[in-house]
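[1] coordinates only, sequence not included:
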């Protein structure tokens, strides 16, 4: 099994490369949290660009170092844009992060998320319910039917989604990050549990989306697994640091962005985590 | 006439139920303030979900405790989504809040707002000019023609919209909240005047939209009238508390969300208001 | 050549008129930074309204004092809305600000930006790469081919875009503002270099968009050149003041809005700038 020190060295490398090279990670994402996603990507040292149209998705896929696709608020044009962009990303072997927000709501969302199976997203990030439902939609081990979905909130624990996450990672050959009180990241071979964060992350909208966007930034400079873990670690670190300084969710959002910006590569790598066999 | 104490007890009940049950109130709302709406809904203890497509509006209508519909920035797909969603809400007798933003601008906005008359929104929230114009559009007493509209700003005083608000509430059988320096809430039988707030609420975008979203959250747990009053009261309380701590609109928005989160049920119920016969 | 004092007196006039009259400047702008644009417009004393549909763009053009058009995140409906609105603005001789964000990405963006040549935007605001590429697209002196575009970031220096900016201003008969470390504003006859700002303005999304929206607010009350310079000056002033108070981009955004709100007309006019012949 890969050693903790090897992982930490790779995380440090990812953080420093991003800060030095300011890589562009384009997004096709929801309108609720699109601003927060961009600001989080900028705070960790990346560059952001968001689009809706098919040929603009193609441009981002071809010119960005990685792409973030979030199905949170679908518009009709997404029916063309998302499969077109995902197909190019796969053909070009470019890393991309899928956020299967609210899988189970509406026919277009189900259709698009089903199509993504063949395009094998490099990283899949979601809450436990989303990971379970996506694995179910794709007919993989550990998945559940599209039921018990309640908008964007998770009704399941992270540990309940462990097998689904492993199955998804094995299918894609990439990584899966399950967000919750303790976060789980897996490449299908090892499972990492990452600690930290804040109860305020559920009292602001978009912590999960912003994490997806930041993982895409790191995916320009690291493997899917290291990108997913590094993004999760900086969020857990910034969340716990910000929580100590604030008395409410308004201030939390502000300080959270500050802490994303200020976190050193070493502190991110040292944010507590454990490694297990998958 | 209902007693002040009865009203206050109902407000306390609404606030505490929401904080305990974290009810989902979906929204179809504008892109300008969609993030602020979601964050305000989360700050008072609710859960938010935003969509654009017809079958996703249907999902929110059926699965949410209440729904918020704001016509601020119409897209072509709204022509299908909004009437479809409103019809289901009425058929299922689910509470929903209509925010007739900028009524009078554009033909689709007029068409949609006219259609909503038959779907009887449970709560209507707007500024004085919007309430006057909506009553006029629906041919109700106290309404005005669609004139003197200036984008999203009110050109009229809250007291000038009193009769229109009462007529609207009597038509829908629900409640109407008119936002202004002193806010007016009516169920067509009594009129409540709610005090507080801050001059900074006109220096940030979305205070009205966020109020609509928060009223939808409370409407999952209280009558339309109590929901409208409770939402208005917590906004007035949080606004006046935040104003004392800040020197500009940037900080105001941050502290306003903090104060929404921190306000106790008793303090919200004790925010100054007066009751009158309609 | 116009004297520095004349310019400063005009700037003071613009700032004070806006604060007194709260003019409406409508926008058709991207979803990433739409909230920040509106809040910046409100902070300097204007009123904001955002739309997507053709007849609503027409309404804003006819009823607003000026209009801001930003092509950052195109949706299919923009193909109708933008030329329709721009045509009306030109016919009515109403001021409008064009932000050619990410010119070069996608066919619709190129088509729309090419069409705008004949509608002669009163103010063009962009980073150096965007100004160079727009001049190239319009076949003007100093322009470059649509190459080297990297999403929304500038790859060129402000001074490299000087001739393109002058050529654009001479074509439109209005003004051009090039954003960068030192900002350049020209009416085709004189060139002003405006100093200040903060490195944090590249670490938050939307500083450029918000500047475009604020220039539109000032364009309701001043010439294109004075509007562009006043907007740039208040951004440089607020940016440098905010930077001194913060430790990260989250706080910067908050304090930046505060400083936009608090800046006195005299301080804005006294923000350092130099005048040169074009």
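    Yep, it's here. Please read all numbers here as calculations on a predicted model, not as lab measurements.
[2] which one's the longest helix in chain A?
    Longest helix of chain A, by residue count under DSSP state H: helix A:224-243.
[3] For the most centrally placed residue in chain A, give me its contacts.
    Note on chain A: the residue nearest the mean C-alpha position is residue A:212, at 2.7 Å, using Cα atoms, centre = their mean. Residues in contact with residue A:212, defined by Cβ atoms under 8 Å, 6 or more residues apart in numbering or on different chains, are A:29, A:37, A:68, A:70, A:97, A:99, A:125. For every residue, glycine as well, the C-beta is placed using N, CA and C.
[4] swap in residue A:268?
    Residue A:268 makes contacts with A:11-12, A:15, A:230, A:233-234, A:237, as judged by Cβ under 8 Å, 6+ apart.
[5] how about the helices in the stretch 1-150 of chain A?
    A:4-21, A:34-43, A:54-63, A:78-91, A:107-119, A:128-137 (DSSP state H, counting those that start in this stretch).
[6] Select, out of the ones you listed, the one closest to residue C:270.
    Closest of the helices of the stretch 1-150 of chain A to residue C:270 is helix A:34-43, at 30.6 Å (criterion: Cβ to Cβ).
[7] circling back: could the contacts of residue A:212 go into JSON lines alongside pLDDT and neighbour count?
    Converted to JSON lines, the contacts of residue A:212 look like this (pLDDT from 0 to 100; neighbours: other Cβ atoms under 10 Å in any protein chain shown):
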{"residue": "A:29", "pLDDT": "98", "neighbour count": "31"}
{"residue": "A:37", "pLDDT": "98", "neighbour count": "29"}
{"residue": "A:68", "pLDDT": "98", "neighbour count": "31"}
{"residue": "A:70", "pLDDT": "98", "neighbour count": "26"}
{"residue": "A:97", "pLDDT": "98", "neighbour count": "32"}
{"residue": "A:99", "pLDDT": "98", "neighbour count": "31"}
{"residue": "A:125", "pLDDT": "98", "neighbour count": "32"}
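[8] now for the contacts of residue A:268, which pair is the farthest apart?
    The distance between the two most remote of the contacts of residue A:268 (Cβ to Cβ) is 13.3 Å, for A:12 and A:237.
[9] When these two are compared, which one has more neighbours?
    A direct count of neighbours by other Cβ atoms under 10 Å in any protein chain shown for residue A:12 and residue A:237 places residue A:237 higher, at 25 against 17.
[10] For that one, which non-adjacent residue is spatially closest?
    Leaving aside its sequence neighbours, residue A:237 sits nearest to residue A:271 (Cβ to Cβ, 6 or more residues apart in numbering or on different chains; 4.5 Å).
[11] Counting neighbours, what do you get for the one you found?
    As a burial measure, residue A:271 scores 23 neighbours (other Cβ under 10 Å).
[12] pLDDT value on it, please?
    Model confidence at residue A:271, given as pLDDT, is 98.
[13] quick one, phi psi at it?
    The phi and psi values for residue A:271, taken as degrees, to the nearest 10, are phi -60, psi 130.
[14] tell me the contacts of it?
    A:194-196, A:233-234, A:236-237.
[15] any chance of those in CSV, with distance to residue B:76 and pLDDT too?
    Converted to CSV, the contacts of residue A:271 look like this (distance: Cβ to Cβ, whole Å; pLDDT from 0 to 100):
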residue, distance to residue B:76, pLDDT
A:194, 42, 98
A:195, 46, 98
A:196, 43, 98
A:233, 42, 98
A:234, 39, 98
A:236, 41, 98
A:237, 43, 98
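[16] Any part of stretch A:170-189 near chain B?
    No: Stretch A:170-189 does not reach chain B (Cβ under 8 Å from any Cβ of the partner chain); its nearest approach is 15.6 Å.
[17] ends of that stretch, how far apart?
    8 Å (Cα to Cα, to the nearest Å).
[18] chain center to it: distance?
    Put simply, stretch A:170-189 sits 10 Å off its chain's centre (Cα atoms, centre = their mean, to the nearest Å).
[19] And stretch A:16-32, by the same measure?
    Relative to the mean C-alpha coordinate of its chain, stretch A:16-32 is positioned 12 Å out (Cα atoms, centre = their mean).
[20] Give the buried residues for that stretch.
    By 16 or more other Cβ atoms under 10 Å in any protein chain shown, the buried positions in stretch A:16-32 come out as A:17-18, A:23-32.
[21] Could you list which of the residues you listed belong to strands?
    A:24-28 (DSSP state E).
[22] Considering only those residues, which also neighbour chain B?
    Checking those against chain B (Cβ under 8 Å from any Cβ), there are no matches.
[23] Do I have it right that residue A:65 meets residue A:26?
    No: the pair residue A:65 / residue A:26 is not scored as a contact, 9.0 Å apart, by Cβ atoms under 8 Å.
[24] For residue A:9, list the residues it contacts.
    In this structure, residue A:9 makes contact with residue A:269, judged by Cβ under 8 Å, 6+ apart.
[25] quick one: it from residue B:51, how far?
    43 Å (Cβ to Cβ, to the nearest Å).
[26] Same check on residue A:171?
    Residue A:171 is 28 Å from residue B:51, where distance means Cβ to Cβ.
[27] Which one's more surrounded, these two?
    For the pair residue A:171 and residue B:51, the greater number of neighbours falls to residue B:51 (29 against 19), based on other Cβ under 10 Å.
[28] Phi and psi next, for the more buried one.
    phi -140, psi 170.
[29] contacting residues around it?
    A:73-74, A:105-106, B:26-28, B:57, B:59-60, B:81.
[30] nearest to residue B:201, of those residues?
    Nearest to residue B:201 among the contacts of residue B:51, with distances taken as Cβ to Cβ, is residue B:27, at 19.8 Å.
[31] Return the set of residues that bridge with the closest residue to the closest one other than its chain neighbours.
    Spatial nearest neighbour of residue B:27, chain neighbours left out: residue B:68 (4.2 Å); criterion: Cβ to Cβ, 6+ apart. Beta-bridge partners recorded for residue B:68 (DSSP bridges): residue B:27, residue B:97.
[32] Wait, residue B:68 touches residue B:95, no?
    No: Residue B:68 is beyond contact range of residue B:95, at 9.9 Å (criterion: Cβ under 8 Å).
[33] Now the common contact residues for those two.
    In contact with both residue B:68 and residue B:95: residue B:216, using Cβ under 8 Å, 6+ apart.
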